[in-house]
Each structure stands twice: as C-alpha cells, then as structure tokens.
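Q: Pasting the sequence and the predicted coordinates here, then a few questions.
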Amino acid sequence: MNLGKRMVAEFFGTFWLVLGGCGSAVLAAHVAGADGYPFGIGYAGVALAFGLTLLTMCYAIGHISGCHINPAVTCGLAAGGRFPVKEVVPYIIAQVIGGLVAGLVLYTIASGKTGFDAVGGGFASNGFGAHSPGGYSMAAAALCEIVMTGFFIFIIMGATHRSAPVGFAGIAIGLALTLIHLISIPVTNTSVNPARSTGVAFFQGGWAVEQLWFFWVMPIIGGILGGLIYRYLWSDRPAQPDITGDRV
C-alpha cells in the first residue's frame, strides 16, 4: 500500500481512537440523571472504550497501515526494526491531524449541552501534579507513562510477530490498552499516545497545552525502550522481513 493511503488510514484510525476514547470520558464518564443519581460509565467504562476503539481499528486498518494510530507506537516499532525510519514523520503528521479533527468534532458535540466548559472540565486532557486526577507528582507520572507505553509496544511487537497465533493480535492489543487505562487513569488520565493528548489539549487551551510536551516526551521514550527491549530478546533469531501490518 502506498504511503499516502497508509497516512489516510492512520488519520481515520487516530480520529476514531480520540473520538471514541476521549468522547467516552467527556460525554459519558460522569452523567447525572434527572433525579441527580449518577449513571456514567466511570473510569472502567472509559478504559474499555479506549480498548474497543483500538481493537476495532486493528481489524479495520491493520492490513492497510499497521494501525499504529499513535506516535509512540510508530517510534517504538521503528526502534524495534519493524517500521522504516523514513516514514516515521509522515505517520506522526497524519496521526496528529486525525487527533485534532476528532477533538474538534468532540468539542462541537459537547458544546451542544448547556453549561459545558472545556477549560474547567479538563476536556479529557492529560496532566500531572495539580492536574493529575489523583494528584500524582510529575515524577510518578513520568514513570507511569514510560512503563505503560514500553509494555504497550512490547505487547504489540509480540502479538504481531509471525510466530504468534494468527488472527488474535487485535484482541491482545485492545485489551492491553484497556488494562493500561485501568492502571493509569488516576495518575495522568492516561496518555501513552501523544496524538491523543494533542487532540484534546488545544481545546482545553490552558494547563493542558502547558503540560503537553510531557505527554510527547514520556510516551515516546517508553515506546522506544519497549521496541529496543523486544528487539534485543529476538536478536539471536534469524533475520525476519518487515511484517508491519501483516498480522494486526
């Protein structure tokens, strides 16, 4: 598949991830009924929504672009020898644009409700310190994002390896993202994806933009480490051709 078509697939995949995952957080996480009784989906529901969006896109565009839909994944796969370095920047550009367009659509939908406040409500943005959902420090948030993203790439590379069971990679990867969110939503609201963070931060417009650099640097560090570690584990195996997109 030519690069242009793969970039379009990455655009739509990232759009769906941000709209589905962040949309569940903004629109459905904490909802009060007419009697004031809460019936929102909560953290567990948001974690599941992120996992489901990724799982569905794995099977929708995995055979087209590899379904990275995440700059940290693209960088991690490049570090792991599964993706050409020369195509990293085009993929990231497509992913960020997809995330921003999804953020715009979500903001437009959410603005249809009286009293909506993207600045005060946070708009599903990632943060640390005073802007961490659980009040976690910058150091704790950094360790969390690096470790979670590293394991995410490790799982992706393992699940998509030609020696892994065929046809199940999307399930493993989607469930991995669900688990990551269950662990880390209280810490940073879970990024592990700079495009996801960017897609909503600019609509929050305040502290989220100021802290956005953090949610680029830490996930990419984690992604590269995860890719390098998995590559090391298979370094004594016979050379394998590039399999990006073959199995997801």
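A: Here it is on my side, so go on. Remember, it's a predicted structure, so these values are computed and weren't measured experimentally. Residues are numbered from 1 along each chain as shown.
Q: Shouldn't Thr114 be within a helix?
A: No: counting by DSSP: H, G, I helix; E, B strand; the rest coil, Thr114 falls outside a helix, being coil.
Q: how many neighbours does it have?
A: 5 (other Cβ atoms under 10 Å). Backbone N, C-alpha and C define where each C-beta goes, glycine included.
Q: Next: Ala130.
A: 7.
Q: again with Glu10
A: With other Cβ under 10 Å as criterion, Glu10 counts 30.
Q: ok, it to Gly135 distance?
A: The spacing between Glu10 and Gly135, counted by Cβ to Cβ, to the nearest Å, is 35 Å.
Q: Low-confidence stretches in the chain?
A: Applying pLDDT under 70 to the chain flags residues 31-39, 236-248.
Q: Strands of that one, residue ranges please.
A: Assigned strands in the chain: none (criterion: DSSP state E).
Q: nearest spatial neighbour of Glu10, skipping sequence neighbours?
A: Ala94 (4.2 Å; Cβ to Cβ, 6 or more residues apart in numbering).
Q: swap in Val119?
A: Per Cβ to Cβ, 6+ apart, closest to Val119 is Gly206, 5.6 Å.
Q: ok, that neighbour - how many residues close by?
A: Gly206: 15 neighbours (other Cβ under 10 Å).
Q: The residue nearest to Glu10 contacts Gly13, correct?
A: No: in this structure, Ala94 is not within contact of Gly13 by Cβ atoms under 8 Å, at 9.0 Å.
Q: re earlier: show me what contacts the residue nearest to Glu10?
A: Applying Cβ atoms under 8 Å, 6 or more residues apart in numbering, we find Ala94 in contact with 7-8, 10-11, 14.
Q: hmm, 6 Å instead?
A: Taking Cβ atoms under 6 Å, 6 or more residues apart in numbering as the criterion, Ala94 is in contact with 7, 10-11.
Q: Counting only helices, which of the residues you listed make the cut?
A: 7, 10-11 (DSSP state H).
Q: Would you tell me which one of the residues you listed comes nearest to Ile61?
A: Glu10 (7.6 Å; Cβ to Cβ).
Q: The closest one against Ile64, yeah?
A: No: counting by Cβ atoms under 6 Å, Ile64 is not a contact partner of Glu10; they are 8.8 Å apart.
Q: re the thing from before, arrange the ones in helices among the contacts of Ala94 in CSV, one row each, with distance to Phe123 as further columns.
A: Formatted as CSV, the ones in helices among the contacts of Ala94 follow (distance: Cβ to Cβ, whole Å):
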residue, distance to Phe123
Met7, 26
Glu10, 23
Phe11, 21
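Q: ok, which stretches of the chain are helices?
A: Going by DSSP H, the chain shows helices at 3-23, 42-65, 71-79, 88-110, 118-121, 138-159, 169-188, 194-204, 207-210, 214-233.
Q: can you tell which of those helices is closest to His30?
A: helix 42-65 (7.5 Å).
Q: so what does the closest one touch, helix or strand wise?
A: Using 3 or more Cβ pairs under 6 Å, 6 or more residues apart in numbering; DSSP states H and E, the elements in contact with helix 42-65 are helix 3-23, helix 169-188.
Q: spatially speaking, which residue is in the middle of this structure?
A: Nearest residue to the geometric centre of the chain (Cα atoms, centre = their mean): Asn193, 3.8 Å.
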